[in-house]
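Q: the amino acid sequence is not available; the structure is as follows:
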């Protein structure tokens with residue numbers, strides 16, 4: 001099995017360097033949106049449909065969602081996939097918050113991970 005690939009805000013990083021602040025709403029409240037994709041070789045299946053659903057959910061729940069950045073990150077990830085079949089997870093987060101107030105999205109993030117699908 002290949003090592004997990006991680007892209008944070010469109011930049012590849014070692015998986016050991018991926019961290020969340022303790023005041024991030026993703027950690028405090030599970031306040032995230034995510035989609036899971038299947039890739040075969042370097043082709044992500046049903047990419048448009050998954051992104052349509054994620055972006056609609058983001059709009060309805062007022063999450064920051066820059067579709068062009070997400071598409072670019074997915075394309076870069078697909079280009080480096082080595083396994084016959086991979087599982088990708090794209091997660092959107094709003095960022096840090098104080099108290100029970102939801103984050104305003106000023107430090108929002110997205111993470112994309114890929115592992116071999118076994």
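A: Ah, there it is. Because the structure is a prediction, the values reported are computed rather than measured.

Q: so where do the strands sit in this protein?
A: Using DSSP state E, the strands found in the chain span residues 5-8, 11-13, 32-40, 43-44, 85-93, 109-116.

Q: want to throw these into TSV with mean pLDDT?
A: Converted to TSV, the strands of the chain look like this (pLDDT from 0 to 100):
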stretch	mean pLDDT
strand 5-8	97
strand 11-13	96
strand 32-40	97
strand 43-44	98
strand 85-93	97
strand 109-116	97
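
Q: can you redo these as a markdown table with distance to residue 71 and mean neighbour count?
A: Glycine gets a C-beta too; all of them are placed from N, C-alpha and C. Shown next, in a markdown table, are the strands of the chain (distance: least, CB to CB, whole Å; neighbours: other CB atoms under 10 Å):
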| stretch | distance to residue 71 | mean neighbour count |
| --- | --- | --- |
| strand 5-8 | 13 | 19 |
| strand 11-13 | 15 | 12 |
| strand 32-40 | 12 | 17 |
| strand 43-44 | 10 | 16 |
| strand 85-93 | 10 | 19 |
| strand 109-116 | 11 | 20 |
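
Q: show me where pLDDT drops low in the chain?
A: 1-2, 99-105 (pLDDT under 70).

Q: all helices of it, in order?
A: 25-29, 47-61, 67-80 (DSSP state H).

Q: follow-up on the earlier one: out of the strands of the chain, which is closest to residue 54?
A: Residue 54 sits nearest to strand 32-40 of all these, at 4.7 Å, using CB to CB.

Q: angle of the closest one against helix 67-80?
A: Angle, strand 32-40 to helix 67-80, by axes from the mean of the first three to the mean of the last three CA atoms, to 10 degrees: 40 degrees.
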